[in-house]
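Participant: Okay, structure incoming, though there's no sequence with it:
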């Protein structure tokens, strides 16, 4: 165990990034549970990651606007297609989401097959590199978070299937590049599950997620373990404890 990693300039941006992600993902995760499309975030996040990998193949700068455009475009297209499929084949929606995920995941592997650093790139896409986030990277996330929350709180009742999927795609695209696919899924589903059925489900979800990110970042720094994976487990354990100890 080492206390050297407990540096505010490292943990600070990572924790704020987590809170920004939770700001949109907790309410969206509750809607995902309500709609019964649990794995939509995995599918769209994976498609957004595929867009990033495709952009890398063209040699575009990792932080350039082309990569962001590729990620957003890929996710929006996937969201639009899934929205149409939900209306036409609702009984097969979860299966179609699963197929979308596996196609995007295997396409990413194929695109990275001849890249000597492909394995590391794929790991970064899945697990993320939250501790590498800088304060400068947070400004676009702040703007995107504000936009999504504005639409969600003012027009939520008016969003049809396509509208929800498109808003969801924007949220997932902005977060998957920061924290990876696994942590995006955990931020959406686990806090929503932890607060499900409680009269203050949204607040409880935010508390679970915030504590999960906080304790996860501290533990991963002390134990020198991958932060994304530790945060996922931290959120899950806290959600389980809250579910056991807090009555509806």
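Facilitator: Noted; the coordinates are in hand. What you see is a predicted model; the values in this text were computed from it and never measured.
Participant: who's in contact with the residue nearest the centre of the chain?
Facilitator: Central residue of the chain (Cα atoms, centre = their mean): residue 184, 2.1 Å from the mean position. Contact partners of residue 184, counting by Cβ atoms under 8 Å, 6 or more residues apart in numbering, are 21, 25, 41, 45, 172, 175-176. To be clear about C-beta, it is placed using only N, CA and C from the backbone, and glycine gets the same treatment.
Participant: can you tell me how far residue 237 sits from residue 190?
Facilitator: 10 Å (Cβ to Cβ, to the nearest Å).
Participant: who's more crowded, those two?
Facilitator: residue 190 (24 against 16; other Cβ atoms under 10 Å).
Participant: chain center to whichever strand or helix holds the more buried one, what's the gap?
Facilitator: Residue 190 is part of helix 181-195, with elements assigned from DSSP states H and E. In terms of Cα atoms, centre = their mean, to the nearest Å, the centre of helix 181-195 is found 8 Å from the chain centre.
Participant: What's the mean pLDDT across the helix or strand that comes right after that helix?
Facilitator: Toward the C-terminus, helix 181-195 is succeeded by helix 201-223 as the next helix or strand (DSSP H and E). On average, the pLDDT along helix 201-223 is 93.
Participant: List the buried residues of the helix or strand following helix 201-223.
Facilitator: As assigned by DSSP H and E, the chain's next helix or strand after helix 201-223 is helix 227-245. Applying a neighbour-count criterion of 16 or more other Cβ atoms under 10 Å, one finds 227-239, 242-243 buried in helix 227-245.
Participant: Which strands or helices does the helix or strand containing residue 42 pack on?
Facilitator: Element membership for residue 42 (DSSP H and E) is helix 40-57. Counting contacts by 3 or more Cβ pairs under 8 Å, 6 or more residues apart in numbering; DSSP states H and E, helix 40-57 is packed against helix 8-35, helix 65-88, helix 93-111, helix 118-127, helix 161-179, helix 181-195.
Participant: Please state the offset of that helix from the chain centre?
Facilitator: 12 Å.
Participant: ok, now stretch 160-170?
Facilitator: 15 Å.
Participant: Tell me where the model's unsure across this protein.
Facilitator: 1-6, 8-9, 59-66, 116-122, 124-125, 247-248 (pLDDT under 70).
Participant: repeat that for 50
Facilitator: Applying pLDDT under 50 to the chain flags residues 1-2.
Participant: before we move on, the earlier item: would you mind giving the helices and strands packed on helix 40-57 as JSON lines with distance to residue 149 added?
Facilitator: Shown next, in JSON lines, are these (distance: least, Cβ to Cβ, whole Å):
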{"stretch": "helix 8-35", "distance to residue 149": "6"}
{"stretch": "helix 65-88", "distance to residue 149": "18"}
{"stretch": "helix 93-111", "distance to residue 149": "25"}
{"stretch": "helix 118-127", "distance to residue 149": "26"}
{"stretch": "helix 161-179", "distance to residue 149": "10"}
{"stretch": "helix 181-195", "distance to residue 149": "15"}
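Participant: okay, the ones you listed, which one's buried deepest?
Facilitator: For the helices and strands packed on helix 40-57, the largest average neighbour count (mean count of other Cβ atoms under 10 Å) is found in helix 181-195, namely a mean of 26.
Participant: how many degrees apart are it and helix 201-223 in direction?
Facilitator: Taking axes from the mean of the first three to the mean of the last three Cα atoms, to 10 degrees, one finds helix 181-195 and helix 201-223 inclined to each other by 130 degrees.
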